[in-house]
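> Let's see this in three dimensions:
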Amino acid sequence: MTSSPTWNTQYLQPPEEFPLTPLPLLSGAIPANFRGTLYRNGPARLERGGRRVGHWFDGDGAVLAVHFTDTGVQATYRYVKTQEYLQEEQAGKLLFGGYGRVPPGSLWDRFTKPLKNAANTSVLPLSDRVLALWEGEHPHALDLQTLETQGKDNLGGLASNLPYSAHPKIDPQTGEIFNFGVSLGSSVTLNIYRSDKTGQIQQQGHIPLKGIPLIHDFVLAGQYLVS
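Okay, here's the model as predicted:
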């Protein structure tokens, strides 16, 4: 019996980035009018300096884009260059805590050092950028074609201390985007956001909560958000 969790043995080698690359068609045919881009996000780098993260939720996010165009299919794959990613890349070791790992250092560091924004959970394509989303903080904006990281995105009005969930919902009638984030502190607050189809926040609501509930997702049902 192994002492390592099953996931820990599946991704021993971090995947490598690659630039925009034509993809050969190996079998079959692409439908004539099939156009658009598929974006996928997920934990990719799970180790640094010989140390592995404590849970696969903590792996650095990397986004795959597959573009179906008039001239063929192209793809690119890039890590989301968060500030935490860049600091750990330069140091050559893990520096931050996460879902399954406490920060290295003193006891003070463990309680005061922020968690890593891994930007590894999902994506939200918009007209001028694609957002790499995470549960506990702001999203990161990426270039739609090259996936170059443009930095954190406050969506035109998201305060620095407010999180933006990885599971937004789009109203099929209006194109408006709805999402939430749970902020912790002296009190627990459920923050609700309504954005236009460009991602810019138009309205925010704040509901005080009792205890520390785990809210993972919600359903958009007409004029209601149901969790």
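> from here on, contacts and neighbour counts on C-alpha atoms
Noted.
> measure stretch 63-79 end to end?
Start to finish, the residues bounding stretch 63-79 are 6 Å apart (CA to CA, to the nearest Å).
> Revised request: answer the last question for stretch 118-133.
Start-to-end, stretch 118-133 (CA to CA) is 9 Å.
> and the residue nearest to the spatial centre of the chain, bridged to which residues?
Centroid-nearest residue in the chain: Leu133, 2.7 Å away (criterion: CA atoms, centre = their mean). When bridges are taken as DSSP bridges, the partners of Leu133 come out as Ser122.
> Verify the contact between it and Ala166 for me.
Yes - checked against CA atoms under 8 Å, the pair Leu133 and Ala166 is within contact range at 4.8 Å.
> Now do the shared contacts for the two.
Between them, Leu133 and Ala166 share these contacting residues under CA atoms under 8 Å, 6 or more residues apart in numbering: 121-123.
> Just the buried residues from the residues you listed, in ChimeraX please.
Paste this into ChimeraX to select the buried members of the shared contacts of Leu133 and Ala166, with burial taken from 16 or more other CA atoms under 10 Å:
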select :121,122,123
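> Need the shared contacts of Leu133 and Ala166 in CSV (columns: pLDDT).
Converted to CSV, the shared contacts of Leu133 and Ala166 look like this (pLDDT from 0 to 100):
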residue, pLDDT
Thr121, 96
Ser122, 96
Val123, 98
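> Quick one: mean pLDDT over stretch 57-71.
Along stretch 57-71, the predicted confidence averages to a pLDDT of 94.
> Pop the domain breakdown of the chain in here.
When the chain is parsed with automatic domain parsing, its domains come out as 1-153, 156-227.
> Which of those domains has the highest mean neighbour count?
Neighbour counts (mean count of other CA atoms under 10 Å) averaged over each of these peak at domain 1-153, with a mean of 17.
> For Tyr85, which three-state class applies?
Each residue gets one of three states, and Tyr85 gets helix by DSSP: H, G, I helix; E, B strand; the rest coil.
> gap between the nearest residue in space to it that is not next to it in sequence and Tyr77?
With CA to CA, 6 or more residues apart in numbering as the measure, Asp60 is the residue that lies nearest to Tyr85, at 7.1 Å, once sequence neighbours are left out. Distance of Asp60 to Tyr77, given as CA to CA: 13 Å.
> on that earlier part again, wouldn't the residue nearest to Tyr85 be in contact with Val80 here?
Yes - with contacts defined as CA under 8 Å, Asp60 counts as touching Val80 at a distance of 7.4 Å.
> Between these two, which contacts overlap?
When contacts are counted by CA under 8 Å, 6+ apart, the set common to Asp60 and Val80 consists of Ala119.
> residue contacts, Leu86?
When the contact criterion is CA under 8 Å, 6+ apart, Leu86 has no partners at all.
> Do you know the pLDDT at it?
On the pLDDT scale, Leu86 is placed at 96.
> Likewise for the one 5 residues further on?
Ala91 is assigned a predicted lDDT (pLDDT) of 93.
> how much space between it and Ala62?
20 Å.
> now Gly199
Taken as CA to CA, the span from Gly199 to Ala62 is 21 Å.
> Over to Phe34?
Here the criterion is CA to CA. By it, Phe34 lies 25 Å from Ala62.
> Helices of this structure, residue ranges please.
The residue ranges that make up the helices of the chain, judged by DSSP state H, are 83-91, 107-112.
> which one of the shared contacts of Leu133 and Ala166 is nearest Thr189?
Nearest to Thr189 among these: Thr121, at 22.0 Å, using CA to CA.
> check contacts around that closest one.
Contacts here follow CA under 8 Å, 6+ apart; on that basis Thr121 touches 41-43, 61, 132-135, 166.
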